[in-house]
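Student: predicted structure and sequence below. I'll ask about it afterward.
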Amino acid sequence: MSWHRFLLIGLLAILAGCGKSSSGGGNTPPPSNTAPVVNAGADQTVFELTTVQLDGAATDADNDPLTYSWTQVSGTNVTINIATTLNADFVAPDVAAGNPEGLIFRLSVSDGQGGTTTDDTLVTVQEPPPPNQVTLSGFAEYEYPPPNNFCDGLNFNAIAIRPIRGAPVQILNASTNAIITSTTTDSTGFYSVTVDGNIDVFVRIRSQLQRSGSPSWDVDVRNNTANTTDPLNLRPLYFLDSAPLNTGGADVTQDLLAGTGWTGASYTGIRAAAPFAVLDTIYEMMQLVVSVDPATSFGALDAFWSPDNNSSPGTGDFITDVGNGDIGTSFYASGLSSLFLLGQDGDDTEEFDDHVIAHEWGHYFEDEFSRSDSIGGAHSIGNQLDKRVAFGEGFATALSGIGLADPMYCDTLWVGPNLRGFEIDIEAEAGGNAGWFNEVSILKFIYDLWDSNDEGGDPMSIGFAPIYNVMTGPQRTNDAFTSVFSFAEALKAQPNAETAFIDSQLAREAITGPGINRYGVGELNDADGNPNDAPGTPPDVLPVYTDISVGLPIRICSNSQFDSGRNGNKLSEVRFLKLDLLSQATLTITVDTFNPATTPSVGYDCTTAPPNDPEIHRHSDPDIQLWRSGQLLVQGWSCQPNREVTQPVNLSPGTYVLDLSEFRYADPQTNTPGGYPEQTCFDVAITQ
């Protein structure tokens, strides 16, 4: 190659290089990119279970379009909502008290040019502070008018204030009536709860006693004449409500007082005190039981009181009558475990007659804790009663004095414009001929066993525990009918029994003490008040039980000599038989009237005769029942004239008792001059 050619080639190369530089083309690097600037937001502290905002920010110097992404770096996992925007949110997790938790969230921002920037924020989650809380407390009480002298009505000029004890207390929202919290009044009527401050509430006391555990109870005072389409046990309770109040910022007191509703001459105001007076008497009686049996469980009890409850006997339809308030008298209904109490102004009111309420509660106690064989019915002081009725009524009255620690039984009556009433001095009452058939004798005997005062001949006390133990033990299971005989026999069999003292108290009431047993063997008191007369005057009283054997008929008489009202529950109207069965047998009991007053007309059918048919009331109608330890095994209660035959019943060996009666003596339509005769005799046979 010549030098010139080489020079030319070199020059061309230089020119080519100069041309590239001037044109700007070729492999020069791209311009530089600025990454976004990111801020995930300030750290924050939040409350659990609240919605938390994540507020990020980002800028880009090149104004490139940006994309966002929130992710969780640490802490309890949560769900991030709208995580591809700067402003996401999540719900803070629940955290333990006193143990806040930190959650870290990362915001990533990209400009699409390869530039991505992140920033983290810390969210600390903690429990919210407690609200401003205050103590709401007070006393729940009711007005109690004591009886006037001699129990002649109530004295509204001497109102006493008594606590509402053991009742449920509810704090309710004044706007919605929603229950905020609840508690129970104590033995002084005091209640105390903690509630939020600055809210509008009211306080409600319910006419209930409810307690679980040991002891336990469930008592409701209900209005039987309200919501009468509801079952009895769902009829409304009574409430005592306070006026609305604001709980404010400091502790607040709210007392409640249930007034009588008496305004000087009659009840014109709300009778708010009445159901709580009933409730408090029941509370007092339950404390007697708890004092000797702290772990006892009381069966559920309803007490029905209404200002409409009156002394009308009603129509005979129970549900209709109690819905109308036609209850006749205050009573205990064993099949319902319920008390029914009078309350009509101008008729008779019982809510403040605490002995009356306690007496009816005594029937509940005997029915629920022990056993009552009483047939009930009308009775009054001085009556000679069926021994089962005498014991049941006497025990209930004695228990009222023991539970209330007051021997002056008071029943105020209110008939028309007149204030009336009667009282019973449980320790000193004199009511007719003393004896096993007299409820006054029974109530004095039982009360003096407990009473520590010596009124003469009553030098000591055995306390309530032995009485309770007998009633809840042997009296409940004995194979005789419940009476003072079964009670006294069991009482003297108690460990460390004061036998001589018990016998002396029986003797004070003309009841045989030494050697007494549940069947009254050896009892000589025939109710005429003369201990020196010949046996059998009056007739048909003794022996207390008459023995009968299979295949050996006996003749025995029922007598209405002590029952002018033909109530069927007086002494000698029901006769008692005892059967000792040595071997298992299937037996039939037949009762034939020995001296029927009339012979039925040919073709006469008592089952189709109208209730007021004169002929049916001229015929004898014997009734008989067979029992073992309080369990009814067979009964003959047909209306067949002059005869009764039971269905065959298979019996195992043991002792059985029977009660035999003339139904005519419980039939008010025979209580007319020249009506059904006073005595009816029967031939009784038990056959296989």
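Tutor: Nice, I can see it.

Student: where does the stretch 201-350 of the chain dip in pLDDT?
Tutor: For the stretch 201-350 of the chain, no stretch has pLDDT under 70.

Student: that one: strands as residue ranges?
Tutor: 208-211, 217-222, 239-241, 245-246, 252-253, 256-258, 301-305, 331-333, 338-341, 343-344, 348-349 (DSSP state E, counting those that start in this stretch).

Student: check the stretch 51-200 of the chain too.
Tutor: For the stretch 51-200 of the chain, the strands defined by DSSP E, counting those that start in this stretch cover 51-55, 57-59, 67-74, 87-91, 101-110, 116-126, 133-144, 160-163, 168-173, 179-184, 190-196, 200-206.

Student: circling back to that earlier point, redo the strands of the stretch 201-350 of the chain as a markdown table? Include distance to residue 450 and mean neighbour count.
Tutor: Using the backbone N, CA and C atoms, a C-beta is placed for each residue, glycine as well. As requested, the strands of the stretch 201-350 of the chain are arranged in a markdown table below (distance: least, CB to CB, whole Å; neighbours: other CB atoms under 10 Å):
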| stretch | distance to residue 450 | mean neighbour count |
| --- | --- | --- |
| strand 208-211 | 24 | 18 |
| strand 217-222 | 22 | 22 |
| strand 239-241 | 34 | 16 |
| strand 245-246 | 46 | 14 |
| strand 252-253 | 41 | 14 |
| strand 256-258 | 32 | 21 |
| strand 301-305 | 23 | 24 |
| strand 331-333 | 22 | 20 |
| strand 338-341 | 23 | 25 |
| strand 343-344 | 31 | 23 |
| strand 348-349 | 29 | 23 |
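
Student: okay, those strands in a markdown table with distance to residue 318 next?
Tutor: As requested, the strands of the stretch 201-350 of the chain are arranged in a markdown table below (distance: least, CB to CB, whole Å):
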| stretch | distance to residue 318 |
| --- | --- |
| strand 208-211 | 24 |
| strand 217-222 | 16 |
| strand 239-241 | 27 |
| strand 245-246 | 44 |
| strand 252-253 | 46 |
| strand 256-258 | 30 |
| strand 301-305 | 12 |
| strand 331-333 | 9 |
| strand 338-341 | 10 |
| strand 343-344 | 18 |
| strand 348-349 | 20 |
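
Student: out of those, which comes closest to residue 72?
Tutor: Of all those, it is strand 245-246 that lies closest to residue 72, at 43.8 Å by CB to CB.

Student: just give me how far that closest one sits from the chain centre.
Tutor: A distance of 32 Å separates the C-alpha centroid of strand 245-246 from that of its chain, computed with CA atoms, centre = their mean, to the nearest Å.

Student: okay, now the sheet partners of that strand, with direction.
Tutor: Strand 245-246 sits in its sheet next to strand 200-206 (antiparallel), going by DSSP bridges.

Student: list the contacts of the partner strand.
Tutor: Strand 200-206 is touched from outside by 136, 138, 140, 164, 167-175, 180, 185, 191, 195, 237-247, 254, 256, 258, 276, with contacts defined as CB atoms under 8 Å, 6 or more residues apart in numbering.

Student: the closest residue to residue 527 other than its chain neighbours: how many residues sit nearby?
Tutor: Nearest residue to residue 527 in three dimensions, chain neighbours excluded: residue 384, at 4.7 Å (CB to CB, 6 or more residues apart in numbering). As a burial measure, residue 384 scores 26 neighbours (other CB atoms under 10 Å).

Student: closest to residue 617 out of the strands of the stretch 51-200 of the chain?
Tutor: Per CB to CB, nearest to residue 617 of these: strand 133-144, 48.1 Å.

Student: who's residue 68 bridged to?
Tutor: Residues in beta-bridge contact with residue 68 (DSSP bridges): residue 109.

Student: which residue sits closest to residue 487, ignoring its sequence neighbours?
Tutor: Distances taken as CB to CB, 6+ apart place residue 475 nearest to residue 487, at 5.8 Å, with adjacent residues excluded.

Student: just the local confidence number for the one you found, please.
Tutor: Here the pLDDT value assigned to residue 475 is 98.

Student: name the element it belongs to?
Tutor: Here residue 475, judged by DSSP states H and E, is contained in helix 474-477.

Student: helix or strand right after that helix?
Tutor: In N-to-C order, the element after helix 474-477 by DSSP H and E is helix 484-492.

Student: what lies in contact with that following helix?
Tutor: With contact meaning CB under 8 Å, 6+ apart, helix 484-492 is reached by 387, 390-391, 394-395, 436, 441-442, 445-446, 449, 466-467, 470-471, 473-475, 478, 480, 497, 499, 502-503, 506, 511, 513, 516-520, 523, 544.

Student: dump the residue contacts of the spatially most central residue of the chain.
Tutor: Taking CA atoms, centre = their mean, the centroid of the chain lies closest to residue 219, which sits 2.4 Å from it. By CB under 8 Å, 6+ apart, the contact list for residue 219 reads 208-210, 279, 282-283, 286, 298, 300-303.

Student: what's the closest of the residues you listed to residue 322?
Tutor: Closest to residue 322, out of all of the contacts of residue 219 and judged by CB to CB, is residue 302, at 11.3 Å.

Student: which residue ranges form the helices in this protein?
Tutor: All helices of the chain, identified by DSSP state H, fall at 3-23, 273-292, 318-324, 354-369, 387-404, 439-450, 465-472, 474-477, 484-492, 499-508.
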